[in-house]
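1. Here's my sequence, what's the structure:
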Amino acid sequence: MAATTFLESVQVENELGEGVIWDARGGAFWWTDIDGRKIYRYQPADKLLESWVTPERLGCFAMVVDRDYLVCGFESGFAYFNPRNGAVQCLHKVDEDNKSTRLNDGRADRQGRFWAGSMVEDKQAGAPAGALYCLDGRLNFSSKVSGLSISNGLCWSPDSVFLYHTDTPTRRIDRYEFDENTASISNRTTFAQTANGCFPDGSTVDSAGYLWNAQWGGSQVIRYTPAGEVDLILPLPVSQPTCVAFGGPQLDRLIVTSARQGLGPQELAAQPEAGNVFIFQTDITGIVDPVYRPAVSSEALKQNG
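-> Got it, this is the predicted structure:
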């Protein structure tokens, strides 16, 4: 069983902290406050915290190989974005005819594609219209799963044989067979079912193939074995943890984002750390977060990247 030791909390009070990844090249954790419309960069070595305003709500992002700009899943679609100067290049709009959805969780796969899923914000909009999308290196855009309410928890097994994903309200973490060459997914099975009141949010996989999942409403992160059994429960001082990632020079630090969204005065008084980011030392290692590898260069951002 893995062991964890609390190291620090980064005091950011995010409304909806999410999408955390480790930038190995820059030695920093990055994450987004979706509702706060900010993106953050934190260097644990010198405790340098930076933040920038985003042009619209940012659900997820990934580093772009050999560039300083990011590939992003904004609320309206895919784009390149350079936080330091605000330059934006739109790549694909998503669901332009359906204003009830926005892009949410996502990340790059190990083959250099970027994935992002959407969520339904208007609960009166009828049948769930969220989907999981993939953007390949040539900027081709395709839908992989449809009929979702809140696409979340995207990650892959270390050998890229399986893709993990959740539609959060179902409280079910799914596992698909994944073809790394074509990005096709098939044969969905239930990997794990969470407890009542514990809604699966962001996930990552460690080097041993165990899945770590932040559970909204559950005040915890759970580590699951490759067979879907609970291996470790990491309790947190907040009710709404949102996403997890491994980082640090040895990839042995676990970072957890959280949210203040929807919490009233009494709840905030009971959990003053809500919205902050937590860093733990672990006795295991994660896997370097993949980067997006475009085969098409960005003309609009080339001079800035």
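2. nearest residue to Q240 other than its sequence neighbours?
-> Nearest non-adjacent residue to Q240, counting by Cβ to Cβ, 6 or more residues apart in numbering: A259, 4.4 Å away. For the C-beta atoms, the positions are set from N, CA and C on the backbone; glycine is no exception.
3. Dig out what the one you found forms beta bridges with.
-> Judged by DSSP bridges, the bridge partners of A259 are L16.
4. List the contacts of R223.
-> By Cβ atoms under 8 Å, 6 or more residues apart in numbering, the contact set of R223 is 2, 206, 210-212, 230-234.
5. mind listing what the residue nearest to Q240 touches?
-> Counting by Cβ under 8 Å, 6+ apart, A259 touches 14-18, 216, 240, 242, 274-275.
6. how about a cut-off of 10 Å?
-> Residues in contact with A259 (Cβ atoms under 10 Å, 6 or more residues apart in numbering) are 14-18, 33-36, 201, 216, 238-243, 274-275.
7. ok, back up a step: please pick the buried ones from the contacts of R223.
-> Using 16 or more other Cβ atoms under 10 Å as the burial test, the contacts of R223 include 206, 210-212, 231-232, 234 as buried.
8. possible to save the residues you listed as JSON lines with secondary structure?
-> Below are the buried ones among the contacts of R223 laid out as JSON lines (DSSP: H, G, I helix; E, B strand; the rest coil):
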{"residue": "D206", "secondary structure": "coil"}
{"residue": "Y210", "secondary structure": "coil"}
{"residue": "L211", "secondary structure": "strand"}
{"residue": "W212", "secondary structure": "strand"}
{"residue": "D231", "secondary structure": "strand"}
{"residue": "L232", "secondary structure": "strand"}
{"residue": "L234", "secondary structure": "strand"}
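9. re earlier: any idea how far S9 is from the residue nearest to Q240?
-> With distances taken as Cβ to Cβ, to the nearest Å, A259 is found 14 Å from S9.
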